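1. sharing a model that was predicted from the sequence below.
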Amino acid sequence: MKPIREMTVGEFGAFVADQLRNHGIDVVLTGGACVSIYSENRYPLPRIESET
């Protein structure tokens, strides 16, 4: 696993989701991070929001 500071927004979101899932918490990525990931960072919105 690469250091967190070197992760893309998508990699970091997946990392957080995996860690939460390992503890029995389901999460859905929402907000600006979704836009950044979907647009391949053409619209960089660095905030990561989630719903549990």
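-> Structure's in. What do you need? Note that the structure is a prediction, hence the values are computed from the model and not measured.

2. okay, buried residues for the helix ranked longest in the chain please.
-> Criterion DSSP state H: the longest helix present in the chain is helix 9-22. In terms of neighbour count (16 or more other CB atoms under 10 Å), helix 9-22 has its buried residues at 9, 10, 13, 16, 17. Backbone N, C-alpha and C define where each C-beta goes, glycine included.

3. so which elements touch that helix?
-> Judged by 3 or more CB pairs under 8 Å, 6 or more residues apart in numbering; DSSP states H and E, helix 9-22 is in contact with helix 32-38.

4. find the least confident helix or strand in this protein, judged by mean pLDDT.
-> When each helix and strand of the chain is scored by mean pLDDT, DSSP states H and E, strand 49-51 comes last, with a mean of 61.

5. can I get the longest helix of the chain as CSV, trimmed to CA atoms?
-> Coordinates of each C-alpha in helix 9-22 appear next as CSV, following Å, rounded to 0.1, in the frame of the first residue of the first chain:
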residue,chain,number,x,y,z
VAL,A,9,-8.8,11.0,-4.1
GLY,A,10,-10.2,7.8,-5.5
GLU,A,11,-7.6,5.6,-3.8
PHE,A,12,-8.0,7.4,-0.5
GLY,A,13,-11.8,7.1,-0.7
ALA,A,14,-11.5,3.3,-1.4
PHE,A,15,-9.0,3.0,1.4
VAL,A,16,-11.3,4.7,3.9
ALA,A,17,-14.3,2.6,2.7
ASP,A,18,-12.3,-0.6,3.1
GLN,A,19,-11.2,0.3,6.6
LEU,A,20,-14.8,1.1,7.6
ARG,A,21,-16.1,-2.0,6.0
ASN,A,22,-13.6,-4.1,7.9
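
6. partners of the next helix or strand after that helix in the sheet?
-> Sequence-wise, the next helix or strand downstream of helix 9-22 (DSSP states H and E) is strand 28-30. Its sheet considered, strand 28-30 pairs with strand 49-51 (antiparallel) by DSSP bridges.

7. mind listing what residue 15 touches?
-> 1, 4, 7 (CB atoms under 8 Å, 6 or more residues apart in numbering).
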